[in-house]
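In: Pasting the sequence and the predicted coordinates here, then a few questions.
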Amino acid sequence: MVAAASIAFGAALGAAGLATGALAAYFARKIVTPPTSRPDDVRVLAVDGTTVTLSRTMDSLTPGRYSFWFSHDAGHARLGEILEVDERHVVREVLEVEFGDLTTARHGRLSGWYYLTPEDLGVPHQDVAVATPVGPAPAWLIPAAPGTSDDWAIMVHGRAVTRSECLRAVPTFREAGYTCLVVSYRNDGEAPDSPDHRYSLGDREWQDVASAIDYALEHGAERIVLMGWSMGGATVLQTITRATNTAAVRGIVLESPAVEWRSILEYQGTLNRLPWPVRRATIALLSQPWARYVTGQEESIDFNRLDLVRRAGELRVPVLLFHSKDDGYVPADASRALAQARPDIVTYEEFSVARHTKLWNYDEPRWTAAIARWLAALR
């Protein structure tokens, strides 16, 4: 009887271990594999001329102006402020339908990247290519408002989006006299893929940003500011602490950045109701060289190297850091910790209500003024 119970207990433990490993492998692959589509998570309930009625979600309830992709990205509109809210519905302004038929849409998603191309800003630009280790990566080169300038801003988008995310910042930097280089990087759907077709959460993407710095220096930049959103923030932090060509970088701007990844993956695992062993096993898989056969990564991810709270002492340039305590995706804790660790160089702007990478959308005047002040002080 005892022997049978022991065998049954051992079998149960083995089954639990297999289940933990399988779930961890699934989520580890999901973290590093670029998505081919994004879910339409908001229902379109009614369209009435200049208004649209949406289902209640955290995003549809957030004030401000946003992009609205609908019908599986077949259409794109720009939405304005909330006009009416009840227990089930949110009514918002429709500022513009750029393409597609919103009246036939049934589902969509709100996005922070409000502008799609430099043409939407009405600014001159060039399509250029940055020579990166994986091949030529497309970029937009947008001159400063008065014309060419030797002050440059290099802008780096986040995970699972494209360089269009960065266009919101262009007017502010142009008015401050900066030429803007809005870049793509490996595996983002525009730049060439890496051999493994996997994200490395900034651990290798920084090499493409270092190539963008080379491009800027070769085309007249004397002083450079780097700006990154979300995973682009992690990539900027890796660039400034690991690249050898950063002497001209005078400062960095981070919005909703991934300052360190362990807490983010723990947070996301909790949101997805993953048990503690699965969360820990997921991080372990991503960081172990042998696990590349499971995750598809060419190289494991060094989470210690990606932890800029632990490495805060290595930062040598001023930092403007934006985060919302209601981010909903990347907790603000690590941003606060970085600001507390380096009050000598970090200017921290904490928002509330605004969602992940949507601080401009929520409060454009505050966001713009903070950057303008910081750039003026930097000079």
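Out: Thanks, I have the structure now.

In: In the protein, where is pLDDT below threshold?
Out: Low-confidence segments of the chain (pLDDT under 70): 1-18.

In: In contact with the spatially most central residue of the chain, which residues?
Out: In the chain, the residue lying closest to the centroid (C-alpha atoms, centre = their mean) is residue 158, at 2.6 Å. Neighbour list for residue 158: 165, 228, 229, 230, 231, 232, 233, 256, 357 [criterion: C-beta atoms under 8 Å, 6 or more residues apart in numbering]. Every residue, glycine included, has its C-beta placed from N, CA and C.

In: at 7 Å what do you get?
Out: 165, 229, 230, 231, 232, 357 (C-beta atoms under 7 Å, 6 or more residues apart in numbering).

In: Please report how far it lies from residue 164.
Out: With distances taken as C-beta to C-beta, to the nearest Å, residue 158 is found 11 Å from residue 164.

In: circling back to that earlier point, sort out for me which of the contacts of residue 158 are in helices.
Out: 231, 232 (DSSP state H).

In: how would you label residue 173: helix, strand or coil?
Out: helix (DSSP: H, G, I helix; E, B strand; the rest coil).

In: Can you classify the closest residue to it other than its chain neighbours by secondary structure?
Out: The shortest distance from residue 173 to any non-neighbouring residue, by C-beta to C-beta, 6 or more residues apart in numbering, is to residue 153 (4.5 Å). Of the three states, residue 153 takes strand according to three-state DSSP.

In: Check the contact between residue 153 and residue 182; I expect there is one.
Out: No. Assessed by C-beta atoms under 7 Å, residue 153 is found out of contact with residue 182, at 8.9 Å.

In: between these two, who's got more neighbours?
Out: residue 153 (30 against 27; other C-beta atoms under 10 Å).

In: May I have the residues that are in contact with the more buried one?
Out: 173, 178, 180, 225, 227.

In: could you say what helices and strands the helix or strand hosting residue 252 packs with?
Out: Element membership for residue 252, per DSSP states H and E: strand 249-255. For strand 249-255, the elements it packs on are strand 223-229, helix 231-242, strand 319-324, helix 364-378, judged by 3 or more C-beta pairs under 7 Å, 6 or more residues apart in numbering; DSSP states H and E.

In: which residues touch the last one?
Out: What that stands for is helix 364-378. Against helix 364-378 from outside (C-beta under 7 Å, 6+ apart): 172, 176, 250, 251, 253, 318, 320, 322, 347, 349, 359, 360.

In: Touching, residue 137 and residue 187? I think so.
Out: No. Applying C-beta under 7 Å as the test, residue 137 and residue 187 come out as separate, 10.7 Å apart.

In: what touches both of these two?
Out: Joint contacts of residue 137 and residue 187 (C-beta under 7 Å, 6+ apart) do not exist.

In: secondary structure element for residue 136?
Out: Assigned by DSSP H and E, residue 136 falls in strand 135-142.

In: how about that strand: buried residues?
Out: 137, 138, 139, 140, 141, 142 (16 or more other C-beta atoms under 10 Å).

In: Just put the residues you listed in JSON lines and tack on distance to residue 311.
Out: Below are the buried residues of strand 135-142 laid out as JSON lines (distance: C-beta to C-beta, whole Å):
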{"residue": "137", "distance to residue 311": "26"}
{"residue": "138", "distance to residue 311": "31"}
{"residue": "139", "distance to residue 311": "28"}
{"residue": "140", "distance to residue 311": "31"}
{"residue": "141", "distance to residue 311": "31"}
{"residue": "142", "distance to residue 311": "32"}
